[in-house]
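Visitor: Dropping the sequence and predicted coords here.
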Amino acid sequence: MSGDLGMRGADGEVVLRLDGIRKAFGKLEVLRGIDLVVHRHEVVCLIGASGSGKSTLLRCVNLIEPVDAGRIFIEDAEITAAGVDVDRIRRRIGIVYQAFNLFPHMSVLDNVSLAPRKVLRTPRAKAETDALALLDRFGLAEKATEYPDRLSGGQQQRVAIVRALAMEPDLLLLDEVTSALDPELVAEVLGVIRELARGGMTMVIATHEMGFARDSANRVCFLDEGRILEEGPPDRIFRHPAEERTRRFLQRVIEAGRLDVTPEPDGASEAVAD
Ligand SMILES: Nc1ncnc2c1ncn2[C@@H]1O[C@H](COP(=O)(O)OP(=O)(O)O)[C@@H](O)[C@H]1O
Ligand SMILES: [Mg+2]
């Protein structure tokens with residue numbers, strides 16, 4: 001087992017490995033053999049049409065959905081093996097959904113500090129100090145005593161992300177976390193994710209925000225009918241997709257005005273910012 005904190009920053013360390021993941025709901029084959037490797041500090045964006053299997057894939061990684069076939073490894077440990085402690089594994093994998101799912105009857109501070117206290121047995125004082133530091137890092141310190149219904153959707157989603165971070169996960173899964181937000185609130189949530197990427201958080205992100213994927217992902221995977229049809233650096237996937245189906249998907253995205261494909265100036269081939 002090489003995955004202790006001392007290994008953080010080691011180049012090329014594998015955090016997540018999926019081998020041949022298959023998942024069906026009844027007769028509907030939703031995941032049809034997914035292979036994926038994610039290294040420490042990598043940001044991998046999953047793109048693809050609605051129904052292509054992005055959410056199911058993330059839910060399988062977090063063991064919310066049992067897989068039908070294939071194996072999932074976190075660092076060196078197979079988490080799909082019989083007899084693994086599922087709760088212990090879930091603690092190491094944060095997941096945030098489209099719906100914010102904050103506890104409505106709890107303050108922001110309690111929302112963020114609850115799991116460390118209850119699950120990790122962190123003493124209340126330390127859990128709250130840590131929670132405040134995290135809230136401060138993401139510009140939410142002054143909201144600590146508020147209840148979720150007093151916050152904007154963007155603020156609630158930022159709190160939901162902070163709540164996941166409070167467990168110090170090895171891996172963070174984000175499933176369309178901006179899709180339920182009014183357009184003017186999307187940027188602040190994407191800002192939080194960019195800040196996490198800068199801080200080295202390993203993330204797998206299902207997103208329709210193609211501009212974000214292009215600018216912030218180390219790698220983009222195009223899912224099509226339960227398979228990763230192609231993957232690569234964002235610059236290549238967005239500018240030179242190898243597969244016709246990827247091309248057609250991106251064309252639809254462009255037509256919907258969700259990907260700016262302004263031709264680059266002569267000689268400047270760097271679309272990847274940050
Ligand atoms: N719990 C479920 N029961 C039955 N069908 C499901 C369930 N979850 C997802 N599906 C189906 O699986 C397919 C893939 O869904 P999903 O993983 O949500 O795709 P995406 O996130 O890419 O839109 C869809 O056809 C969806 O209707
Ligand atoms: Mg989805």
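Guide: Received the coordinates, thanks. If you're wondering where the values come from, they're calculated on a predicted model, not measured in any experiment. Ligands and ions are numbered 1, 2, ... in the order given.

Visitor: Local confidence estimate at the residue nearest to Pro66 when sequence neighbours are not counted?
Guide: Beyond its immediate neighbours in the sequence, the residue positioned closest to Pro66 (CB to CB, 6 or more residues apart in numbering) is Cys60, lying 7.8 Å away. For every residue, glycine as well, the C-beta is placed using N, CA and C. Reading off the per-residue confidence, Cys60 sits at a pLDDT of 97.

Visitor: Could you identify the helix or strand that succeeds the lowest-mean-pLDDT helix or strand in the chain?
Guide: Of the helices and strands making up the chain, the lowest-confidence element is helix 86-91, at a mean of 87, by mean pLDDT, DSSP states H and E. Elements were assigned by DSSP states H and E; along the chain past helix 86-91, the next helix or strand is strand 93-96.

Visitor: Note down every partner strand of that next one and its orientation.
Guide: With DSSP bridges as the test, strand 93-96 is paired with strand 171-175 (parallel).

Visitor: which residues sit against the partner strand?
Guide: For strand 171-175, the external contacting residues (CB atoms under 8 Å, 6 or more residues apart in numbering) are 15-16, 38, 54-55, 58, 61-62, 74, 92-98, 161, 164-165, 193, 196, 201-207.

Visitor: Now whichever helix or strand comes after it - C-alpha only, PDB.
Guide: Where DSSP H and E defines the elements, the next helix or strand beyond strand 171-175 is helix 183-198. Below are the C-alpha coordinates for helix 183-198, written out as PDB (Å, rounded to 0.1, in the frame of the first residue of the first chain):
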ATOM      1  CA  PRO A 183     -25.700  31.300 -15.300                       C
ATOM      2  CA  GLU A 184     -24.300  34.200 -13.300                       C
ATOM      3  CA  LEU A 185     -23.400  31.900 -10.400                       C
ATOM      4  CA  VAL A 186     -21.500  29.300 -12.500                       C
ATOM      5  CA  ALA A 187     -18.200  31.200 -12.500                       C
ATOM      6  CA  GLU A 188     -17.800  31.300  -8.700                       C
ATOM      7  CA  VAL A 189     -18.200  27.600  -8.500                       C
ATOM      8  CA  LEU A 190     -15.800  26.900 -11.400                       C
ATOM      9  CA  GLY A 191     -13.400  29.300  -9.600                       C
ATOM     10  CA  VAL A 192     -13.500  27.000  -6.600                       C
ATOM     11  CA  ILE A 193     -12.700  24.000  -8.700                       C
ATOM     12  CA  ARG A 194      -9.800  25.800 -10.400                       C
ATOM     13  CA  GLU A 195      -8.400  26.700  -7.000                       C
ATOM     14  CA  LEU A 196      -8.700  23.100  -6.000                       C
ATOM     15  CA  ALA A 197      -6.800  22.100  -9.200                       C
ATOM     16  CA  ARG A 198      -4.100  24.600  -8.400                       C
END
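
Visitor: Fine, thanks again, bye for now.
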